[in-house]
Structures are given as C-alpha cells and as structure tokens.
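Peer 1: Pasted the sequence and its predicted model underneath.
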Amino acid sequence: MKKTFFIILTTFLFAAIQAQDDIYPAAPQKGTFYITNATIHVGNGAVINNGTIKITDGKIVQVGTNISASGDAIDAKGKQVYPGLILSETDLGLKEIANAVRGSNDYQELGEWNPNIQSAVAYNTDSKIINTLKANGILLANVAPTGSLVAGTSSVMQLDAWNWEEALYKRDAGVVFYMPSLVSRRNRFAFAAQQQPQPDPVKEGLDKIEEVKKFFREAKAYADGADHKETNLKFESLRPLFEKKEKLFIHADVVKQLLIAVDFVKDFGIDVVIVGGAESWQIANLLKQNNISVILSREFRLPETEDEDVDQPFKTPYMLKQAGVLFALNDDHDESRYRNLAFNAGQAVAYGLSKEDALRAITLDAAKILGIDDRAGSIEEGKDANIVVCEGDILDMRSSIIDAAFIQGRKVSLENKQTQLYHRYMTKYGLK
Amino acid sequence: MDTLGNPLTWTATFIKANEPTDSAKRKFPLRLGKVTYPFGAYGWDSLPHQHDLLIKNATVWTNEKEGILSNTDVLVKNGKIARIGKDLSDASATVIDGSGQYLSPGIIDEHSHIAAFSINEGAQSVTSEVRIGDNLNPEDINIYRQLSGGVTSSHILHGSANTIGGQTQLIKLRWGVNDEELKFKGADPFIKFALGENVKRTAANQGNTRYPDTRMGVEEVQMDAFARASDYQKKMKEAEQNNKKKGGDAQMSVRRDLKLEALVEIMNGKRFITCHSYVQSEITELMRVAEKFGFKVNTFTHILEGYKVADKMKAHGANASTFSDWWAYKLEVQDAIAYNPAIMVKEGLNVCINSDDAEQARRLNQEAAKSVKYGGLTEDEAFKMVTLNPAKALHVDDRVGSIKVGKDADLVLWSDNPLSVYAKANKTIVDGVVYFDRDKDKELRKQITMERNRLIQKMLAEGRNNPATVTPSRPSLQLVLHCEDYEHKDGLVETDDMSEINSQNQ
C-alpha cells in the first residue's frame, strides 16, 4: 500500500501538470489491507475508538477493536475515519462551467415530460470538478438532470472512474420532478404589459400539477396493462416507481408544494423524496407519517422571507431529526461547486444536531434515501470499502484535511486541477 | 405555531359549513401596529443605546502583537476600547460575562451589496459620478442577518457592469438608524472599477452591443477616461492660475464635470480604487495604466487569479480581496483555486476574504478558516483576512480591525473558536452598542410571531366585514443585489429588480 502511494506521489511530482491528465483512477483493489488505530465514525451514529478496519477485495470484512492486523496496514493513529461522503442530488459531471458556457453543459433537456432522460449517459468522468470533491471526502454522487417539470432519471456514480459505465454505482436511482412554484408573484416583466390581464401563477402551477398527476395515472395504467401494441418510453421509465424500485424526487420548498407531494404518495403508492424542503420543518410530522424523506439542498442559504428566523435554514435539520424524518444534507452551491458538503453538516451541528447525526445525513441516511445502504453509507461488515481518513473533524473547516480516501478499497488520488496549480505557483515563487 | 413560536399539533373534524353572518352587526376595533426601527421584521421598539461595557473572562483574539489572551477583560467606554487586562472593574459599566466565550474584533466585509436600493448604473461603461451613498437602504434585513454572523462593517460597492463604476460607501451595521447614520464617518472615499466578463457583458442574454466587448477595449476605456481626466485637470489649473492674475485676461471658466472630477481625485491620491478582477492579464494591464497616470490600484477585489501575479501586485503595492473557494461558475474563473489566499499571503500581500453575497457574509469567519485547510495559513493569519486586513485595505485600521485601546468598540462575542464551523456570534457590538444579542433575538422573534398573528386576525376580520375590499395577499418581494450579471438568489421571494417590486406594489 505504501509502495503504491509512493509511486502515485512520484508520478505526480515528475509529470507535466495542470491539465489533470496525469491523475489516474485507481486500479481495482485485490487482497487484504487494514486501517489501524483509528477513531472510526461508523456513519450509523456509533464511534469506535482505537479501531481497526479489515478490507479485502474492495469490501469491508471486519470492523472493531480486537482485530490483529498483518501485512499491509495504514496507521491512522490520531486520525478520524469516516464513511465516504455522499452528494445526494447534483448536476456534477453534467455542468462544467456553471451556467456560463453552454457547450460545457448537459444538465437540462428541452421539454417538460422527460422521465426517460438518463443522467448516466452524459456524465463526464473527466470533469475537473469531480477531483476537487474527492479531495474533500465526497466519493459518491446521485447525478440528476434538472428541468422545468419532469426532468429525467438520476443515477448514483462513484467518483473515480475512466468512463461513465465504470462510474455507475446504481443505475436509475430515481425520477426527478420539479414542482411548479406556488408562490404568488407577478410575472417578472409584467410591468411592460400591464394592459393585459395577468395570469395567476398559483392557478397556472396547480393546473400544471394536475397535468403531471394525469401523466402519472396514465403511466400507472400503462404499467398495470399486460401488453402494449406500442412502447411508450416515457411511461416505461415511470414503471419502476410503481414497482418501488425507484423513488420520485420532488423539488419542492414551500408548504403548499409539500402537501401536494403527499398526494403523490397517497394517489400512486410510490416512494417520495423531497429535494429542497426549505419549509419542510413546518409539516415535519406529516412528512414522517407519509414516509417521505427530505434532501435539504443547502444549509448555507438565507431565510425564505424577511421575517423568518435568521438561523432557520441552520436549525431545520435538527427539527426534522426531532420529528423522526429521514433526511440528507446536500450542497448545490454553484459558486463553490459542491465541495463544502461536510461543512453544511457542521453548520447544522452548531444549531442543535449532534455531530454523528450530522455525519449520518451525508453518509448512511443519504445512502438510505438513494437505496444504496446495502453497499454504502457506513463502515460496516459486508459493505464497500468507501472510506475517508481525515486529520481532524471532517465537519469543521478548521481541521477538515483529508489524508486518504478509498472507493471500493481503491486508494484514490486526492490531486486535482487546483492542487496542481497550487504547486505550480508555489514553485514559481520558490515557496514550496 | 403558537404565539411564542412553538410548534403545536391539532386536528379538526368537518361538521358543517358556516352560515354567512350579518357582517354589519360585528365591529372590530381598529388596532395599529407599533412603530419600530426599522419598520419591519426585527425592528427595535426603541434604538439600542451606547453603554459602557465590561466584558469579563473571555478568550480575547486581539489581532495585535499580544495575540490571543485567555481569561481577559475588555472595558468599553464611550464606544471605544478603554482597557484590556485581567480583573478589571468599572462601577458604571454593564458587565457581560464572557467566560467560555471568544471575543474578537468585528468582521469587515470588503465587498458587499447589501443595504442599497440599486447597484449598477449600466448605461455607460464609465459612471464615476454616481454614488452608492446616495441610495442606501437602512431597512435591509440583511444588515441584521449579517450582524448575527459577527459583521460590523461592510463596504457597499457599485456593481461590476462598468469599467469604471460608481463611488462606494463604507458603512457600519448600526441596525435601526437612518441612511446617513449608517455611514462610516471619516473614512477615505473609494470607487469601484471592474474588468473582464461583467464589463464585456458576456452574460447578457441578448448579446452585448456596448463598447467594450473585449479586454483590449476595456484597457482603452481606462486610457481614454484618464486621458480626459488629465486634460480636465490641466484646464482647471490653467483657469485657476489665469483667474488669479490681476489685470490679466478675462476670467476663464471650465464646465464642472463630476465624472472627471472623481477620476482626478484618483490621480491625486484622494480617492481609491477597488477593482473587480479575475484573470492575470487584466490585473497586470490595469496596474500599468495606473502607473502611466501616476497612481496606484488600492485593491483588487475577487482577484481569483491573484496567485498568478502576486509578485507583480506586491511590487505595485495593491491589496487583494478574494473568495475562499469559489470557482468554475463562469469561464474567467476556471483557474480559480482555493489556495489563492494562502499563496498571496505567503508572497507578502495584504489579503482579505470578501463575500459579494448576503448569505456568505454571515459566515466570513468560516470562509477565512478555509485557508488553514487550503495552503496551511495559521489561524491568526486566517482570521486577520476578515478583520484587520480589510481594515488596512480600506484605510481604517486606525479605527477598527483589532482589539486595541483607543479603537472603536466593534466587537463580537463568539460561542467557540471564531474560525470554527461551530462558532455562533452571541453578541455583536458596534461603537459599544449591542446591535445583535442572541437572547434579545429570541424576544424579537416572539414579537414578530405576535405581529404576524395580529395582522392575520385583522385581515380575517376585515374579510368578514367587507369581503369585496380584501384582495388575495401576495408576499412582498425582497431585494437582493449582487455585483455579477448572473442570478444568485436564496429566498422564495427574492428579486434583484427594483422595478419588479414597484410593479407589484401598484
């Protein structure tokens, strides 16, 4: 193991830099190695002090304090060890230069009825964003199309791969639906055309939602039917929802929208995940009753209205926890490009959540929501060895320095375009 | 929610619909709301007063050579820091128990767009005559929100749509006062410049039709503006000298030009530039133009490629103010790296971390902490990037930026190490006045809940009395401005367009 690391290091030092072409995905892990003397944050709330993790052929085979290590061992004395962090909904690999360079973007298709659009096939493993996430401990991501109504189907990717097929961790995790805004406000350019009567945005939104329900009813009838003369790809792609093999990810923030999300559970008997969920704390009990989980898009956001509590977004996770709602914390910040996921969780700790519960929201509970908790999300026997070794507390930017990361036991490179440019200019100034 | 803001659960069973009542019989008394300062959420019943304060037994981050002092007291008298030491006492001062807490100087945001009604005067690329100070909005809720994150001063900048933008305004976050009283009195005047994509209006949906459209054109706009300003100054001087002569030629007069006057101030070191900038070519280019006309660029703000030309900036004498970890949100920030602040600090520049964002400004302490992670700055170096360093860049380090006897009492009492994600500002003090207090905040929330309920009841009553007069309510829009052309919004009812607010109010 140490030898491999040395080779990676020397390759880096002597290779041409800046284009990240010399950062290689790691080869499959064979044989057994150990991480020893670690403070292991399991991901399910438990912490094991001075523990050892035994990893064989990419899987965690043993975790505990009474494991004798032999052969390859990584000494994690004084370090904190975590499950790989999970970005629970993102346009990573679909959007390179944010909204600015059209040619670099593949995240939103034309039209409103696109459940059959699949993010996986457009996922760019050579995106320069991806390696900056690994460097911060994010090892899995649910990559989803964005859209104006029914946006498409997401897939979970692992972040160290040569191509999208290799990157696939779970194909088709869920269908993404952007609920129309039900906030009453005038059309942005209404003042230019005040003579004409203005459409009511709430009524328009509700009408649109009725169309979506109709679309789902037809798809359900189609799914229930025995055979079809013609294949309907859009209906086919909703079938896994009715079979509970996938979930419906509904982008919704305000209570009115969230109540409609509850209708989807009741009307179609499907699993629903709320994405956004700014006002989810107001009806947390109702969400719990209907088994609806929530992905909070970002902790670092302003309150929704002027009179809302100034720290409402920070304390929402704790309120959901209190109500027993299954939730994940996410980072969809377009300017820092998703790498602050762990700090979103740290912010929730300052406002009530426990550290291990905050960790859960970016590991095990995210895995549960995405339906990959049989393989990922915690450091437990039988799961993939998706593991992060950190100098200190991963949730606090003061100490969140990642030493090593493993995906399916493979030690992945933490170098990225930014570290390369850093070394380049430290060299220029003779600072080293 | 009950009136105290506690969640409660209730169920109701439908029995029968209400019969319409005879509205004429029921009269509801007209009750008016209280006037608060400002008149909106989190307004005060009366403005908080300046008291002498004695903060006891805190861990004090001084930003001075004394460094971090444990179990130390700080005495505030008449809005100034009067004494720092152990076991201080003062009969007239209100005692604040700081034990287990951290006292630091207030955070200073070098680049902000809060508390203003508009940001970009976008018709021309040179608008040095306009002043942010003329359109401050002291009722912006973001003032209060930033106090809750330990910010005490913000530099309100014109936007970045123009090569030469408007004159800026440094303010102190005195929540509740009027626009004039917000201003940081006696501070040097600054002006906003900008370079690159925003000036070229790259993001404009309809394509750009305004000169300049390239970085070549941007340089020419600067050259032309300062050439005109030089000629103007010469003419003004000639006229002055001529008019002093006795019995000489007839009086000469030159038409006063406010645009060029501001540029003349820059050339004479009486007004200072903070320039929105990203890529290395444009940074160097502006320094050369400045040198040609005999002045310095005071600050490069955003400056995400500053690490590429840190040596040149150092030689020129510029300050740097940047983001901690923003990148890849447009083409010109592809090479932005989170190690930028650390490299620039190591090269000897005075480096600040700015927000340009009402949300991020609430946790600039965390943004500073990221340079410990990226590039290994010490905690001391990191925290100065949001306190003392911006004070230096803004020429107010004799007044704010550190805890030193004689300086303004702009202080924050934190629950934890101020660089930690777990740190909350418990109290934020400006000029010795406690403008944010986490306990007081709870009271204000209760008041907001009660006021909301009062208004709802009033509307319901009104609706019962006179259904025809009640129109469906619509949430008021909230103005949030950024210097960039791209959209970036958080809340449900945010807009960056004042005209939209006006149209809604009609």
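Peer 2: Structure received.
Peer 1: Going by C-alpha atoms from here, please, whenever you check contacts or count neighbours.
Peer 2: Noted.
Peer 1: Mind telling me what element residue B:144 is part of?
Peer 2: Assessed by DSSP states H and E, residue B:144 sits inside helix B:141-147.
Peer 1: Quick check: residue A:202 is in a strand.
Peer 2: No: counting by DSSP: H, G, I helix; E, B strand; the rest coil, one finds residue A:202 to be helix, located in no strand.
Peer 1: what's the burial count for it?
Peer 2: Residues contacting residue A:202 under the criterion other Cα atoms under 10 Å in any protein chain shown number 15.
Peer 1: what do you get for the one 5 residues further on?
Peer 2: In terms of burial, residue A:207 registers 13 neighbours under the definition other Cα under 10 Å.
Peer 1: Mind pulling up the pLDDT for it?
Peer 2: Predicted confidence (pLDDT) for residue A:207: 96.
Peer 1: Just say helix, strand or coil for it.
Peer 2: Residue A:207 - assigned by three-state DSSP - is helix.
Peer 1: any idea how far chain B is from it?
Peer 2: Using Cα to the nearest Cα, to the nearest Å, residue A:207 is found at 19 Å from chain B.
Peer 1: got the residues of the stretch 201-350 of chain B near chain A?
Peer 2: B:203, B:307-308, B:325-331, B:334-340, B:343, B:346-347 (Cα under 8 Å from any Cα of the partner chain).
Peer 1: Just the ones of those residues in helices?
Peer 2: B:340, B:343, B:346 (DSSP state H).
Peer 1: What's the local residue count around the closest residue in space to residue B:107 that isn't next to it in sequence?
Peer 2: Excluding the flanking residues, the one nearest residue B:107 by Cα to Cα, 6 or more residues apart in numbering or on different chains is residue B:151, at 4.4 Å. Residues near residue B:151, counting by other Cα under 10 Å, number 32.
Peer 1: do the same with the one 4 residues further on
Peer 2: The number of residues packed around residue B:155, counting by other Cα under 10 Å, is 24.
Peer 1: just residue A:249 next, same as before
Peer 2: 28.
Peer 1: In three-state terms, label it for me.
Peer 2: Here residue A:249 is recorded as strand under three-state DSSP.
Peer 1: Could you report the distance from it to residue A:88?
Peer 2: Distance check for residue A:249 against residue A:88: by Cα to Cα, to the nearest Å, it reads 11 Å.
Peer 1: swap in residue A:399?
Peer 2: Distance from residue A:399 to residue A:88, by Cα to Cα: 24 Å.
Peer 1: picking up where we left off before, give the other helices and strands that the helix holding residue B:144 contacts.
Peer 2: strand B:433-437 (3 or more Cα pairs under 8 Å, 6 or more residues apart in numbering or on different chains; DSSP states H and E).
Peer 1: where's residue B:389 relative to residue B:352, distance?
Peer 2: Distance of residue B:389 to residue B:352, given as Cα to Cα: 6 Å.
Peer 1: the helices in chain A, which residues?
Peer 2: Along chain A, the stretches classed as helices by DSSP H are A:2-14, A:128-134, A:164-167, A:201-224, A:233-242, A:255-268, A:284-289, A:312-323, A:341-350, A:355-360, A:364-370, A:417-428.
Peer 1: looking at those, which one has the lowest mean pLDDT?
Peer 2: Across those, the lowest-scoring stretch is helix A:2-14, with a mean of 45.
Peer 1: Please say which of residue B:389 and residue B:352 ends up with more neighbours.
Peer 2: residue B:352 (33 against 29).
Peer 1: need the contact list for that one.
Peer 2: By Cα atoms under 8 Å, 6 or more residues apart in numbering or on different chains, residue B:352 lies in contact with B:110, B:320, B:321, B:322, B:341, B:384, B:385, B:386, B:389, B:390.
Peer 1: One more: residue A:318?
Peer 2: So residue A:318 contacts A:348, A:351, A:352, A:353 (Cα under 8 Å, 6+ apart).
Peer 1: just checking, what packs against the helix ranked longest in chain B?
Peer 2: Assignment by DSSP H gives helix B:215-244 as the longest helix of chain B. Contacts defined by 3+ Cα pairs under 8 Å, 6+ apart place helix B:215-244 against helix B:258-267, helix B:280-292.
Peer 1: now the ones you listed in CSV, with mean pLDDT and mean neighbour count?
Peer 2: What follows is the helices and strands packed on helix B:215-244, written out as CSV (pLDDT from 0 to 100; neighbours: other Cα atoms under 10 Å in any protein chain shown):
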stretch, mean pLDDT, mean neighbour count
helix B:258-267, 98, 20
helix B:280-292, 98, 17
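Peer 1: any weak-confidence spans in the stretch 201-350 of chain B?
Peer 2: Scanning the stretch 201-350 of chain B for pLDDT under 70 picks out B:203-206, B:247-249.
Peer 1: Let's see that with 90 instead.
Peer 2: B:201-209, B:242-253 (pLDDT under 90).
Peer 1: For residue B:455, give its distance to chain A.
Peer 2: Applying Cα to the nearest Cα, the value for residue B:455 to chain A is 13 Å.
Peer 1: for the helix or strand harbouring that residue, the distance to its chain's centre please.
Peer 2: Secondary structure from DSSP H and E places residue B:455 in helix B:438-465. The chain centroid and the centroid of helix B:438-465 are separated by 30 Å under Cα atoms, centre = their mean, to the nearest Å.
Peer 1: Now do that helix against strand B:433-437, angle only.
Peer 2: Helix B:438-465 runs at 70 degrees relative to strand B:433-437, counting by axes from the mean of the first three to the mean of the last three Cα atoms, to 10 degrees.
Peer 1: helices and strands around helix B:438-465, which ones?
Peer 2: Contacts defined by 3+ Cα pairs under 8 Å, 6+ apart place helix B:438-465 against strand B:425-430.
Peer 1: now the strand it packs on and helix B:438-465, what's the angle there?
Peer 2: Going by the same axes, to 10 degrees, strand B:425-430 makes 90 degrees with helix B:438-465.
Peer 1: what's in contact with strand B:425-430?
Peer 2: Outside strand B:425-430, the residues that reach it (Cα under 8 Å, 6+ apart) are B:79, B:106, B:147-152, B:172-174, B:408-415, B:434-438.
Peer 1: One more: stretch A:341-348?
Peer 2: Taking Cα under 8 Å, 6+ apart as the rule, stretch A:341-348 contacts A:85, A:87, A:138, A:298-300, A:314-318, A:329-331, A:355, A:358-359, A:361-362, A:394-397, B:421-422.
Peer 1: One more: stretch B:324-334?
Peer 2: Contacts of stretch B:324-334 (Cα under 8 Å, 6+ apart): A:96-101, A:334-337, B:196-197, B:278-279, B:304-305, B:335-338, B:340-341, B:353, B:367-368, B:370-371.
Peer 1: Residue B:273 looks like it's in a strand, true?
Peer 2: Yes: the assignment for residue B:273 is a strand, going by three-state DSSP.
Peer 1: circling back: in CSV, list the helices and strands packed on helix B:215-244 along with distance to residue B:114.
Peer 2: Shown next, in CSV, are those (distance: least, Cα to Cα, whole Å):
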stretch, distance to residue B:114
helix B:258-267, 23
helix B:280-292, 26
